[in-house]
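**Student:** With the sequence up front, the predicted model follows.
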Amino acid sequence: MSKLALDAEALYGELLRGVQLISHPTTRLVGVTSGGAWLAERLQRDLKLPGTAGTISSSMHRDDFAQRGLSAGGQTVLPFDVNGADILLLDDVLYTGRTLRAVINELFDYGRPARVRLAVLVDRGGRELPVQADFAAARVALAADQSLALARSDAGVFSFKVEDVS
């Protein structure tokens, strides 16, 4: 495993500023399990928004479900009515777009939102589907055989993990 020269806490600060610019008081935060859920939870607190952020899982709608099965990463919990809601999806890393496609399918199982936007900590390119973030704190290039994931310490401090997947 190698270290990536990205400061996750500094990027979180950029994400916080970006989310403030693209959201309004009725925007509902929904984080993709698990890194996006951590981001949504912290943003909900730092922005002093009422209630709790939602969490959404891509497990049931993944196109590789037969190979992966259900992950232990968490289940969908949306503590608000999705119908007519302005939703800001949050994820740690945007790569191929397949997780976001699955998440949007899951979201629409719960209702029809008025608007869905996406904010990510890192956009690493390599898209296989036409998905683009409305806000990305950073854009990085990684080899296709590397994965980038957000980690969170017991104290809630963010860092990145880079792993070779080949």
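**Tutor:** Yes, it's here. Residues are numbered from 1 along each chain as shown.

**Student:** CA atoms for contacts and neighbours, from now on please.
**Tutor:** Fine.

**Student:** For the protein, spot the helix or strand the model is least confident about on average.
**Tutor:** Lowest mean confidence among the helices and strands of the chain (mean pLDDT, DSSP states H and E): helix 65-68, at a mean of 50.

**Student:** strand partners of the next helix or strand after it, parallel vs antiparallel please.
**Tutor:** Next in sequence after helix 65-68, counting helices and strands by DSSP states H and E, comes strand 86-94. Paired neighbours of strand 86-94 in the sheet (DSSP bridges): strand 28-32 (parallel), strand 115-123 (parallel).

**Student:** For strand 86-94, which residues meet the burial criterion?
**Tutor:** Buried residues in strand 86-94, defined by neighbour count with 16 or more other C-alpha atoms under 10 Å: 86-94.

**Student:** Could you list the residues in contact with that strand?
**Tutor:** Here strand 86-94 makes contact (C-alpha atoms under 8 Å, 6 or more residues apart in numbering) with 23, 26-33, 35-37, 39-40, 113-125, 133, 148-150.

**Student:** Give me the distance from it to the chain's centre.
**Tutor:** 4 Å (C-alpha atoms, centre = their mean, to the nearest Å).

**Student:** can you check stretch 77-97 too?
**Tutor:** 8 Å.

**Student:** tell me how far the ends of that stretch are from each other?
**Tutor:** Stretch 77-97 stretches 21 Å from its first residue to its last (C-alpha to C-alpha, to the nearest Å).
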